[in-house]
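Engineer: Fold the following and give me the result.
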Amino acid sequence: MKLLLPLVLFLPSAALADCPMNNATGYGPGGSYDYQSSGPIWIQGVYGGNVSYDLVLGTFSASGGGGGGEQSGGVGLSFSDVYQIVGPASVNPIPFQVVVHLTGHLSASSYFYPYIDNVCNSVTAQLDVTSGAASASYQEGSYSQACTAVDLDHDVSLALSKLPAEPFTVQQFIQVYGSAGGGVNGTFTFVGLPPGYSVTSCQGYSSPPTPAEATSWGSLKASYR
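Structural biologist: Okay, here's the model as predicted:
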C-alpha cells in the first residue's frame, strides 16, 4: 500500500508536464522581460501591462502600450493547448472551425512635439492563430489622420479538419503595442462539429457535445411513409 501512494500523487504532475509551455513578454524604454507558465490558468503582470488566459474556459486578455512619443511599449502573450475531438469513430476527418472573438479598446491622442509637429499617439493589436500549416491573423490599430480611439469587436476563424482522438495543437499569439495604451479580451470556441461530437484538451478544456438537430413533425411523418 505504501508503494502505491507516490504513484497516485505523481500522475497529475506528469500529465501537466505534457502540456505546452506558454510565454509572455513586456517591453518598453526600460528593456524587455520574459515570463513563462505551463498552467491551465495564468494571470501575469508584465513590464508595461498585464496578460492572462484561462485555457479551461477558453478566454484570454492582454493590455499595455506606451506613454506617448518615444515612450513606446507593448505586451505579448503566446499560448497553446493540445486538443482532440471526442465522439463516434469516423474514417473521414471532421471539418470544424476555431473561432476567436476579440473585444477591446485602442486609445489614441494627438500631441504637439517641438520640431516634430503633431503626432498621433496610437496603439495596435494583433492576433495570430495557428495549427500545423493552417493560420489566420488579424490586426487593428488606432493610428489615423483623425487620431481617434478604436473599439474592437471582431471574429477570427481558422478552418481545420481532424479525426476523432487525433491530437492537434492550436497556438494563439496576441500582442498590444504602440505609443498609447490599449486592451484586448478574447474568447475561443470550436464550432461546426457534427451532432454528438465535442472537443477536449490537455489543460482541461471541454466543450459540450453538439446537440442533434431538431426534427420537424413533417419530416417525422414522411419517414414513416
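
Engineer: The most centrally placed residue in the chain: which element?
Structural biologist: By Cα atoms, centre = their mean, the chain has its centre lying nearest to Gln172, at 4.8 Å. Using DSSP states H and E, Gln172 maps to strand 168-178.

Engineer: and that strand, which strands flank it?
Structural biologist: Sheet pairing of strand 168-178 (DSSP bridges) gives strand 73-86 (antiparallel), strand 123-131 (antiparallel).

Engineer: could these be laid out in CSV, adding distance to Pro209 and mean neighbour count?
Structural biologist: Quick note: C-beta positions are derived from backbone N, CA and C, even for glycine. Shown next, in CSV, are these (distance: least, Cβ to Cβ, whole Å; neighbours: other Cβ atoms under 10 Å):
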stretch, distance to Pro209, mean neighbour count
strand 73-86, 8, 22
strand 123-131, 21, 21
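
Engineer: which one of those strands lies closest to Glu166?
Structural biologist: strand 73-86 (6.2 Å; Cβ to Cβ).

Engineer: After that closest one, which helix or strand is next?
Structural biologist: strand 94-106.

Engineer: Next, the angle strand 168-178 makes with that following strand.
Structural biologist: Angle between the axes of strand 94-106 and strand 168-178 is 20 degrees (criterion: axes from the mean of the first three to the mean of the last three Cα atoms, to 10 degrees).

Engineer: picking up where we left off before, next one: the strand holding Gln172 to chain centre, how far?
Structural biologist: Relative to its chain's centre, strand 168-178 lies at 6 Å (Cα atoms, centre = their mean, to the nearest Å).

Engineer: Kindly export it (C-alpha atoms) in CSV.
Structural biologist: Provided in CSV are the C-alpha atoms of strand 168-178 (Å, rounded to 0.1, in the frame of the first residue of the first chain):
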residue,chain,number,x,y,z
PHE,A,168,-3.8,18.8,-32.6
THR,A,169,-2.2,21.9,-31.2
VAL,A,170,-3.8,25.4,-31.5
GLN,A,171,-1.4,28.2,-30.7
GLN,A,172,-2.5,31.8,-30.3
PHE,A,173,-0.4,34.9,-30.1
ILE,A,174,-1.8,38.3,-29.0
GLN,A,175,0.2,41.5,-28.8
VAL,A,176,-0.7,45.1,-27.9
TYR,A,177,1.9,47.7,-28.7
GLY,A,178,2.5,51.4,-29.5
